[in-house]
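**Q** below is the sequence, then the predicted model.
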Amino acid sequence: MCGIVGYVGKRKARDILISGLKRLEYRGYDSAGIALLADDDLMVSKAVGKISQMELALSEAERESICGIAHTRWATHGAPNEVNAHPHTDSANEIALVHNGIIENYRTLREFLVRKGVTMRTQTDTEVLVHLVSLNYRGSLTEAVRDALTQVEGTYGIAVVSSKHAGEIVAARMGSPLVVGIGDDENFVASDVSAMLEHTNRVVYLEDGEIVTITPDNYRISTIQNVEISHKAQEISWTLDQIEKEGYDHFMLKEIHEQPDTVRNAMRGRLNIEEGIARLNGLNMQYEELRRINRILITACGTSWHSALIGKYLIEEIARVSTEVEYASEFRYRSPIIDDNTVLVGISQSGETADTLAAMREAKKRGDMVLGLVNVVGSTIARETDGGVYLHAGPEIGVASTKAFTAQVAVLSLIANILGRMRQSSVQFGQEMLQALQRIPEQIEQILANEDPIKRIARTYHKANNFLYLGRGINFPVALEGALKLKEISYIHAEGYPAAEMKHGPIALIDENMPVVVIALRDSVYDKVMLNISEVRARNGQVIAIATEGDTEIADRVNHVIYIPQTYRLLTPLLSVIPLQLLAYHIAVMRGCHVDQPRNLAKSVTVEQGPVDKVLSLS
Ligand code: AGP
């Protein structure tokens, strides 16, 4: 997601826009830009990096403007560089536009514009919007924006200015939030109220499909279909800190609750339901090359290593392609056997993890095909791969990874679907799998709406010193992920195990002080998991089960049960992980831990710990 601010009124726009933009830096911060109107002149300044970098690029002349728009970027299409930074301008440099969202049909629009003789200057999806506005301009900026948006599919929050309309901002919303701030002889527009709260607390929220024309003393809202709309102004009582977290107490909880949208974004524009096949253009691989792959090696760290393990189950079961998963920190020092038909996949939210980057460089040195599943566009790993898939999860601020994990699993599901449809998977199977994926976001919403029972369970066990997490099959990695979430934010020791492994040692740990979380879904191993639960209960272990909605049998066999909706069994990790994220979060809060920045941890481990070189020189 990106940050948008617009101002028009009686004061100098430059400083108001920059201070407002700095309030939005948590929404994205890889580049920033500003467009200012002074009389009939449009001035645009952009820079890579933090907003302060862009501030340095501004000239004295740009101080005099009373109308402008500004943007801080979280790249989704096109590397984070100055050319791709917003605002984008039309060929005549008379119109400037900033955008938050994803234009799904931007390739088609790009081809249309090139046929019209437009020279595209960036790699972004956003650029097509400003050229469409220009093509549709016949004297009214509002009508030009309205006509342009009728050709657009996808999500957007946009703000537009033109040197032919000094003192006017046109903004529009579809899927990405926009709010109008109402001042005295001045008005604002922004992605969220934190950008304007120091100037006004009177706001009007735009709804999807609405356009607003803003001038210093007025704002006029209409629908894309040109129906006049009036919304009642609201008074905001939130503090700035509350606004950045959108009312949640922590970024981690906000990001857990963002997952319906982030899983949607991971799939957005990537599903061909009719043919039952996903499309991931970023892999840069032809169908023939995809068909030739006979072995996949996935390397990652931490939570990303857990999603990699889930990827193994998905790809081997759906596509029958041998898939191995390696800790990157181990892989980088091994001498792995890799042949021409092996593809190495690196998974990394940050795209900067030193071990993962080193492992991928090692594979590249051997001449392997290296792909990346990365959240941060233009990150080091993203730049060094032969191809890959962006997660589109938006900035993940909480150190404990949540929405990036489910985005990784969603993308791995798409990869398994493609590889399967290249081989023996039928159209019908592909369609059913993708349709089940499409239902996942609303099913996550159902689980999130039922948070109170999870809070009560957290209250019961937040003083425990140890936890055990058990799962089988594709939910064994989810048990590992649930244990990692708990230990990294609550500092309680927790281990994940395959449920059947209990009898080979861990069962010695079971007593009344050992809460055991068991993922016990209605699948082919349900009865075996129920036996494992009986073994735990027989030793007074406290069992918290994650069960399938409608399973009435399990409630009498465990101490607590959290239900999740039914879905295709290989997609259950996208649902079974949600209660585990919430349980870890609430236990950590009840223990007074610093949830967003746990002790000893960093959001991205960009250095390798320990003097490895000394050890090597001894050998
Ligand atoms: C996850 O909650 C942890 N913060 C950590 O294990 C993380 O997953 C790991 O460091 C890998 O990070 P990456 O995905 O950015 O490469």
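**A** Structure's in. What do you need?
**Q** longest helix of this structure?
**A** helix 427-448 (DSSP state H).
**Q** that one - contacts with which helices or strands?
**A** Helix 427-448 sits against helix 259-267, strand 271-272, strand 277-278, helix 403-421, helix 573-590, with contacts defined as 3 or more Cβ pairs under 8 Å, 6 or more residues apart in numbering; DSSP states H and E. Bear in mind the C-beta positions are built from the backbone N, C-alpha and C, glycine included.
**Q** which residues touch the strand or helix carrying F112?
**A** According to DSSP states H and E, F112 maps onto helix 106-115. The contact list for helix 106-115 (Cβ atoms under 8 Å, 6 or more residues apart in numbering) reads H77, I103, M120, D125, V128, H131, L132, L135, Q151, V152, G154.
**Q** and of those residues, the nearest to the ligand?
**A** The ligand lies nearest to H77 out of the contacts of helix 106-115, by Cβ to the nearest ligand atom, at 20.6 Å.
**Q** re the thing from before, let's have the helices and strands packed on helix 427-448 in JSON lines, adding mean neighbour count, mean pLDDT and distance to the ligand.
**A** As requested, the helices and strands packed on helix 427-448 are exported to JSON lines (neighbours: other Cβ atoms under 10 Å; pLDDT from 0 to 100; distance: least, Cβ to the nearest ligand atom, whole Å):
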{"stretch": "helix 259-267", "mean neighbour count": "24", "mean pLDDT": "97", "distance to the ligand": "14"}
{"stretch": "strand 271-272", "mean neighbour count": "17", "mean pLDDT": "96", "distance to the ligand": "24"}
{"stretch": "strand 277-278", "mean neighbour count": "22", "mean pLDDT": "96", "distance to the ligand": "22"}
{"stretch": "helix 403-421", "mean neighbour count": "26", "mean pLDDT": "98", "distance to the ligand": "6"}
{"stretch": "helix 573-590", "mean neighbour count": "26", "mean pLDDT": "98", "distance to the ligand": "10"}
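**Q** which of these sits closest to R599?
**A** R599 lies closest, by Cβ to Cβ, to one member of these: helix 573-590, at 11.3 Å.
**Q** just to revisit the earlier point, what is the helix or strand following the longest helix of the chain packed up against?
**A** Remark: after helix 427-448, the chain's next helix or strand is helix 452-461, criterion DSSP H and E. In terms of contacts (3+ Cβ pairs under 8 Å, 6+ apart), helix 452-461 is packed against strand 542-548, strand 560-564, helix 573-590.
**Q** who wins for proximity to L37 among the ones you listed?
**A** The nearest among these, by Cβ to Cβ, is helix 573-590 at 45.3 Å.
**Q** just want the angle from the closest one to strand 542-548.
**A** For helix 573-590 against strand 542-548, the angle by axes from the mean of the first three to the mean of the last three Cα atoms, to 10 degrees is 140 degrees.
**Q** with only the CA atoms kept, save helix 573-590 in CSV.
**A** The C-alpha trace of helix 573-590 is given here as CSV (Å, rounded to 0.1, in the frame of the first residue of the first chain):
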residue,chain,number,x,y,z
PRO,A,573,-3.0,-24.1,6.3
LEU,A,574,-4.4,-20.7,5.1
LEU,A,575,-7.1,-21.1,7.7
SER,A,576,-5.6,-23.2,10.5
VAL,A,577,-2.7,-20.7,11.0
ILE,A,578,-5.1,-17.8,11.8
PRO,A,579,-6.2,-19.0,15.3
LEU,A,580,-2.5,-19.8,16.1
GLN,A,581,-1.5,-16.2,15.2
LEU,A,582,-4.3,-14.8,17.4
LEU,A,583,-3.5,-17.1,20.3
ALA,A,584,0.2,-16.1,20.3
TYR,A,585,-0.7,-12.4,20.0
HIS,A,586,-3.2,-12.4,22.9
ILE,A,587,-0.9,-14.5,25.2
ALA,A,588,2.0,-12.1,24.4
VAL,A,589,-0.2,-9.0,25.2
MET,A,590,-1.3,-10.6,28.5
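**Q** how confident was the prediction at the residue of the chain found nearest the ligand?
**A** Proximity of the chain to the ligand (Cβ to the nearest ligand atom) peaks at G302, 1.8 Å away. For G302, the pLDDT comes out at 97.
**Q** give me the element the spatially closest residue to it that is not a sequence neighbour is part of.
**A** Spatial nearest neighbour of G302, chain neighbours left out: L484 (6.7 Å); criterion: Cβ to Cβ, 6 or more residues apart in numbering. Assigned by DSSP H and E, L484 belongs to helix 476-490.
**Q** quick revisit: off-centre distance for the helix holding F112?
**A** Mean-position distance between helix 106-115 and its chain equals 27 Å (Cα atoms, centre = their mean, to the nearest Å).
**Q** check which residues of it are buried.
**A** Y106, L109, R110, F112, L113 (16 or more other Cβ atoms under 10 Å).
**Q** what's the closest of those to S329?
**A** Y106 (38.2 Å).
**Q** need phi/psi at R295.
**A** phi -160, psi 140 (degrees, to the nearest 10).
**Q** what is it paired to in the beta sheet?
**A** S322, T342 (DSSP bridges).
**Q** I337 is in contact with that one, correct?
**A** No: using Cβ atoms under 8 Å, R295 is not in contact with I337; the gap is 9.4 Å.
**Q** of those two, who's got more company?
**A** R295 (15 against 8; other Cβ atoms under 10 Å).
**Q** list the contacts of the more buried one.
**A** V321, S322, T323, E324, D339, N341, T342, V343.
**Q** my read is the fourth one is in a strand, agree?
**A** Looking back up the chat, that one is E324. Yes: membership of E324 in a strand is supported by DSSP: H, G, I helix; E, B strand; the rest coil.
**Q** hmm, it is touching K312, no?
**A** Yes: here E324 reaches K312: they are 7.2 Å apart, a contact under Cβ under 8 Å.
**Q** of the two, who's got more company?
**A** A count of neighbours by other Cβ under 10 Å puts K312 above the other of E324 and K312, at 20 against 15.
**Q** pLDDT score for that one?
**A** With respect to pLDDT, K312 has a value of 98.
**Q** just the pLDDT for the residue lying closest to it once chain neighbours are set aside.
**A** Among residues not flanking K312 along the chain, T323 sits closest, at 4.4 Å (Cβ to Cβ, 6+ apart). Predicted confidence (pLDDT) for T323: 98.
**Q** who's in contact with T323?
**A** Applying Cβ under 8 Å, 6+ apart, the residues near T323 are R295, I296, L297, I298, G311, K312, I315, E316.
**Q** would you confirm that the fourth one belongs to a strand?
**A** Okay, so that is I298. Yes: secondary structure of I298 (three-state DSSP): part of a strand.
**Q** doesn't G311 make contact with it?
**A** Yes: using Cβ under 8 Å, I298 is in contact with G311, at 5.7 Å.
**Q** which residues are common contacts for those two?
**A** Common neighbours of I298 and G311 (Cβ under 8 Å, 6+ apart) are T323, V325, V345, I347.
**Q** and S350, which of the three is it?
**A** coil.
**Q** in space, what's closest to it - neighbours in sequence excluded?
**A** Nearest to S350 is S604, by Cβ to Cβ, 6+ apart, at 3.6 Å.
**Q** neighbours of that neighbour, how many?
**A** When neighbours are counted by other Cβ under 10 Å, S604 comes out with 16.
**Q** report pLDDT for it.
**A** Looking at S604, the pLDDT reads 75.
**Q** so how far is A13 from it?
**A** For S604, the distance to A13 equals 35 Å [Cβ to Cβ, to the nearest Å].
**Q** shaky segments in the stretch 151-300 of the chain?
**A** 242 (pLDDT under 70).
**Q** give me every residue in it lying close to the ligand.
**A** Residues of the stretch 151-300 of the chain found near the ligand (Cβ under 6 Å from any ligand atom): none.
**Q** surely E228 meets I221?
**A** Yes: with contact defined as Cβ under 8 Å, E228 reaches I221; the gap is 7.5 Å.
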